[in-house]
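Trainee: from the sequence below, what's the structure:
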Amino acid sequence: MQTKLPLFLLIAISSTLSLPWQSAGNDHFTKPGIAFDYPADWKVTDQSADRGDSILLASFGKTQSITVLTESIPLKGSCDLDNGSATIRSSWLETTKAKIQAAKETPGKPITTRLGDGEIEGTQISGRINSQPITAEIYSVRRSLILIGLIYVHLENDHSSEPAWDVLRRTLVISPAPLMVRGVATNPQASVSEAGGDSGSGADGERIPGSVNGKVVHLVQPQYPTVARRAHASGTVGVQVLIDEAGDVIAAHAISGHPLLQAAGVAAARASKFSPTKLCGEAVRVAGVIQYNFVDQ
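Mentor: Next up is the predicted model:
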């Protein structure tokens, strides 16, 4: 029985969702790749664009705001993640300076804050909004090929927005969208690589350097269900899979094929194992389709 594994090249972009929220306690925001809690008396606005996510939390009738940002690091034909990250950080800093009317030459003060179980670094700047003294804190941390940013704007020496800032940092979960790659695996040791060479295009059309070099470690062959054989069910079953940074299949569901064969295909896909797929030296999640061909003999 021959098994083929095509994987498709495309960096997924999260869609914009509307947000329900209540009048008391903490509410929960979620969209593909981002989730966090926030006070119900704050308003959440999704301002995301093609280049990444931008979620604004604002306190009703007040100046305080928190922005959650994610952006794919521009590789510009190389794997210089440091320079790519610096470009994004500079853009976030200049945008924030303009928002709080800070002078462009205003030096930033290095600061740190807790995010989840660790610390992240940032820059603090001062400015004014409507003649009121304002403090802005801009933090960032890289996760694989994504830069995550938090921008916290509040009145100088005003700590009334600290509860909102604290609950967001404690509950924030960001899961980068899987990289979709294309390739073919014809046996348990076949290489999985991009179709047409070792580089492709990102979401914004730029070339992505390096090769998608995950390999099939153990591709489980599905059992032919007795009920399907008796019914002479045959053909190809397509199983959509999500493979994590360690090469484990963490999600699988059938997208095509005879209904009597789909469960067997899903079970085989879930039990399969791959080596980590890396891009620019970073392990990434990948998604694709395993195709199982059932032949009635």
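Trainee: now the most centrally placed residue in the chain: closest residue in space that isn't a chain neighbour?
Mentor: If you average the C-alpha coordinates of the chain and look for the closest C-alpha using Cα atoms, centre = their mean, you land on P176, 1.4 Å from that point. Spatial nearest neighbour of P176, chain neighbours left out: I146 (4.6 Å); criterion: Cβ to Cβ, 6 or more residues apart in numbering. Just so you know, the C-beta spots here come from the backbone N, C-alpha and C atoms, and that holds for glycine as well.
Trainee: list the buried residues in the helix or strand T70 falls within.
Mentor: Counting by DSSP states H and E, the secondary-structure element that holds T70 is strand 65-72. Neighbour counts over strand 65-72 (16 or more other Cβ atoms under 10 Å) mark S65, I66, T67, V68, L69, T70, E71, S72 as buried.
Trainee: which of these lies closest to A40?
Mentor: Taking Cβ to Cβ as the measure, I66 is the one of the buried residues of strand 65-72 closest to A40, at 14.8 Å.
Trainee: identify the bridge partners of the closest one.
Mentor: Partner residues in beta bridges with I66, using DSSP bridges, are L57, Y152.
Trainee: look up how far Q240 lies from it.
Mentor: Using Cβ to Cβ, to the nearest Å, I66 is found at 35 Å from Q240.
Trainee: cool, R229 as well?
Mentor: With distances defined as Cβ to Cβ, the gap from R229 to Q240 amounts to 25 Å.
Trainee: on that earlier part again, save the buried residues of strand 65-72 as JSON lines, and put in distance to V220 and pLDDT too.
Mentor: JSON lines is the format used below for the buried residues of strand 65-72 (distance: Cβ to Cβ, whole Å; pLDDT from 0 to 100):
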{"residue": "S65", "distance to V220": "50", "pLDDT": "95"}
{"residue": "I66", "distance to V220": "45", "pLDDT": "97"}
{"residue": "T67", "distance to V220": "44", "pLDDT": "97"}
{"residue": "V68", "distance to V220": "39", "pLDDT": "97"}
{"residue": "L69", "distance to V220": "40", "pLDDT": "96"}
{"residue": "T70", "distance to V220": "34", "pLDDT": "94"}
{"residue": "E71", "distance to V220": "37", "pLDDT": "92"}
{"residue": "S72", "distance to V220": "33", "pLDDT": "87"}
